[in-house]
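Peer 1: Quick one: sequence and predicted model below, then my questions.
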Amino acid sequence: MDGGGSTDMTLAFELEALKRLARPEEVFSDARTWSEYVGVVSEKPTYVVTNFTRKNRIRQDFFSGPRGREESLENVKAQFDTERHVFVGVDDGDADLADGVGWEYLPVERAADAADWTLGEADDEDDGAADDDRDDWP
């Protein structure tokens, strides 16, 4: 990504950014080759992130859990002492968040271009609510 920078990096994806990539599991595999730690941060409930990562066979080193994104990024930065902390997001709010907690911000489109990842259709599907509509639940 970013032309030969350090591999001593922690990379966090906003869940919505990850959903915009055509093959998120391949993105994670690729990112692991040049990042020490890779994970997902979101305001969505934990089960939403867990459902998405399981469905896409993504093994993350960290996730936001029940915390908000700001607290999660602060905790990850304190826990993972790497030279760089990069947050891949989707909008100005994500950029402001990254700036506010001392992370580098990278829009998903620019990250995809730099790393040769394929963007997919924006995925508004499945925040886990579909599971609640199943007929076989008691």
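Peer 2: Structure's in. What do you need?

Peer 1: Report the separation between S72 and A111.
Peer 2: According to Cβ to Cβ, to the nearest Å, S72 and A111 sit 19 Å apart. Quick note: C-beta positions are derived from backbone N, CA and C, even for glycine.

Peer 1: oh, I was asking about G68
Peer 2: Distance from G68 to A111, by Cβ to Cβ: 23 Å.

Peer 1: quick one: which of these two has more around it?
Peer 2: Ranked by neighbour count (other Cβ atoms under 10 Å), G68 and A111 place A111 first, with 22 against 13.

Peer 1: Now do the phi/psi pair for the more buried one.
Peer 2: Here is the backbone geometry of A111 (degrees, to the nearest 10): phi -60, psi -40.

Peer 1: so N56 touches A22, yeah?
Peer 2: No - applying Cβ atoms under 8 Å, one finds N56 not in contact with A22, separated by 11.1 Å.

Peer 1: Which residue of those two possesses the greater neighbour count?
Peer 2: N56 (16 against 13).

Peer 1: Tell me the first helix or strand C-terminal of the strand or helix carrying T50.
Peer 2: Under the criterion of DSSP states H and E, T50 resides in helix 46-55. Following helix 46-55 in sequence order, the next helix or strand is strand 62-63 (DSSP H and E).

Peer 1: residue contacts, V38?
Peer 2: Contact analysis of V38 by Cβ atoms under 8 Å, 6 or more residues apart in numbering lists 10-13, 28, 31-32, 60-61.

Peer 1: Please name the bridge partners of it.
Peer 2: L11 (DSSP bridges).

Peer 1: just the helices in the chain please.
Peer 2: 15-19, 24-32, 46-55, 69-79, 92-100, 108-115 (DSSP state H).

Peer 1: For those, give me JSON lines that also has distance to V40 and mean pLDDT.
Peer 2: Shown next, in JSON lines, are the helices of the chain (distance: least, Cβ to Cβ, whole Å; pLDDT from 0 to 100):
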{"stretch": "helix 15-19", "distance to V40": "6", "mean pLDDT": "97"}
{"stretch": "helix 24-32", "distance to V40": "9", "mean pLDDT": "96"}
{"stretch": "helix 46-55", "distance to V40": "5", "mean pLDDT": "95"}
{"stretch": "helix 69-79", "distance to V40": "9", "mean pLDDT": "96"}
{"stretch": "helix 92-100", "distance to V40": "13", "mean pLDDT": "97"}
{"stretch": "helix 108-115", "distance to V40": "13", "mean pLDDT": "97"}
